[in-house]
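[1] sequence plus predicted model, see below.
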Amino acid sequence: MKIIQSFWSKPFFKENDDLNARFKGGWLSANFFFYSCLLSCLKFKQNYGEVLLYTDDLGKELLIDKLEIPYSKALLDLNSLQNYPSELWALGKILAYSLQEAPFIHADTDVFVWDKLPQPLLDADLLAQNFEFNFPKYKEVLETTFKEFQNFPKSLFPIYEQTNDVFAFNAGIIGGNNVSFFKEFKSTVFQIIDDNLEQLDKINLGVFNMVYEQMLGFEMAQKKQIEISFLKPKMNEAFTNVMKFHLVPIKESYIHTVGYAKKSIEMCEQLKYRLKYEFPLEYEKLNRNLIKNNLSSELEILDDEKRFEFLSKIYAWLENTDWDAILETPFQLSKTTRLNEISEDEIELYYYSPQHKTEEKLEMEDWDFLLLFFREQNTINQIILEISKDEFFMQSISLEDLKEKVFSFVMDRCVYHEILLPLNIV
């Protein structure tokens, strides 16, 4: 399967504080965008051999000529977009889709894979990351657009017209075998934009990108009776299902750092140190090029070597330990963690944040009360044994699902916060 990515440079350089914009790629800082491009490219090359980049002259100069990110080939078709507003960042993706003459997958540069995607997905006419139903913000922007735009009738959205519900796909990955669909899709989108260039300032353009790419794309596919296959059929609005760095690679092989995650210091840290751990030579080369080309200072890319050493041990343990052995590994609260038991139902936990280097408070609720089991050494299996004694609770969950939920919770509190530590591992 042909893997493509795209980078329209204009949105990257246009300063914009909209959370749905693509200034610095939407990341906490530009460094993390470059780390993301490199890790995404390398992981897809590892699994598929080649990754083609659709970009423009400035994008090629930045990512390939200066930073030497090893895309297999750069194509400059996105030069044709320079007269469009930078806020319409999804146009670069849609143009790249339309240029394909063979089955393909377009992956965003914030998508990382640790395995090949399932073959049934690759065989589909149309594939996408996940299905979205009535996700926030679509409807408000869509209704405003109906009022303000010319040649933008509700009939473009027959499902919405009939149900008043928003059906969409997420295009973290998108593609398939029906390449003709993407050509018609591109023509429809660009006609809408071209007809309404004077009305763009009347709507929320950040969210409008999702309307014309993800909602309109879904509606057009349904109208043409093209079946859509999804990598993740179920998804919550926070997209936590695709941001589980703490489960890679033993229980998760697909990560997509959507939207708000790019502003999270924990997510940015995982991206940076995953790249350094798996591809140390490429990581160091990128850092050298960032400094050489005045794109970063040494201070900005400085590593926390103690933190990296800790994470490296965790990464290696998850890679090289089988599931049953992990469930039998004892964990315990770190020595820097302290509990303040105000009452039986109100407990505060204080821990030393490895990112902020200060003591922070965790307001314990729901699954966090499992941390109390780890005041002494305890394994995940021992915790599961205790929980499974609650017959009423076990009616709502299978034993295997319980194991995975407890494991996910434990690794979350280990990898991101160092609240729980696996003994004899670190």
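    Happy to help now that I have it.

[2] tell me which helix or strand comes right after the longest strand seen in the chain.
    In terms of residue count, the longest strand belonging to the chain (DSSP state E) is strand 167-176. Per DSSP states H and E, the first helix or strand lying C-terminal to strand 167-176 is helix 179-195.

[3] now do that following helix, average pLDDT.
    Across helix 179-195, pLDDT averages out at 98.

[4] elements contacting the next helix or strand after that helix?
    The first helix or strand that comes after helix 179-195 along the chain, using DSSP H and E, is helix 205-210. When contacts are defined as 3 or more CB pairs under 8 Å, 6 or more residues apart in numbering; DSSP states H and E, helix 205-210 sits against helix 138-148. (C-beta placed from N, C-alpha, C; glycine too.)

[5] okay, now the unreliable bits of the stretch 151-300 of the chain?
    Judged against pLDDT under 70, the stretch 151-300 of the chain has no low-scoring part.

[6] doesn't residue 364 make contact with residue 350?
    No: applying CB atoms under 8 Å as the test, residue 350 and residue 364 come out as separate, 10.8 Å apart.

[7] compare those two (neighbour count), which wins?
    Higher neighbour count among residue 350 and residue 364: residue 364, with 19 against 14, using other CB atoms under 10 Å.

[8] residue contacts, the more buried one?
    Going by CB atoms under 8 Å, 6 or more residues apart in numbering, residue 364 touches 347-349, 371.

[9] partners of the longest strand of the chain in the sheet?
    Partners of strand 167-176 in the sheet, by DSSP bridges, are strand 104-107 (antiparallel), strand 126-133 (antiparallel).

[10] in this protein, which residue sits furthest out from the middle?
    residue 343 (38.4 Å; CA atoms, centre = their mean).

[11] summarise which helices and strands the lengthiest helix in the chain is packed against.
    Across the chain, the helix with the greatest residue count (assigned by DSSP state H) is helix 30-48. The contact analysis (3+ CB pairs under 8 Å, 6+ apart) places helix 30-48 against strand 2-7, strand 111-113, helix 265-278, helix 280-292.

[12] how far away is the residue farthest from the centre of the chain from residue 364?
    Per CB to CB, to the nearest Å, residue 343 is found 12 Å from residue 364.

[13] what does residue 391 give?
    When residue 391 is compared with residue 364 (using CB to CB), they lie 25 Å apart.

[14] and if you look at residue 187?
    From residue 187 over to residue 364 (counting by CB to CB), the distance is 54 Å.

[15] do residue 67 as well
    For residue 67, the distance to residue 364 - CB to CB - is 43 Å.

[16] and if you look at residue 10?
    46 Å.

[17] what is the neighbour count of residue 280?
    Residue 280 has 10 nearby residues by other CB under 10 Å.

[18] can you check the one 5 residues further on too?
    By the measure other CB under 10 Å, the count of residues near residue 285 is 16.

[19] isn't it up against residue 69?
    No: the criterion here is CB under 8 Å, and residue 285 misses it with residue 69 at 9.7 Å.

[20] need phi/psi at the closest residue to residue 63 other than its chain neighbours.
    In this structure, residue 63 finds its nearest non-sequential neighbour in residue 69, 4.9 Å apart by CB to CB, 6 or more residues apart in numbering. Phi and psi for residue 69, reported as degrees, to the nearest 10, are phi -70, psi 130.

[21] wait, what's in contact with residue 69?
    34, 37-38, 41, 63, 286.
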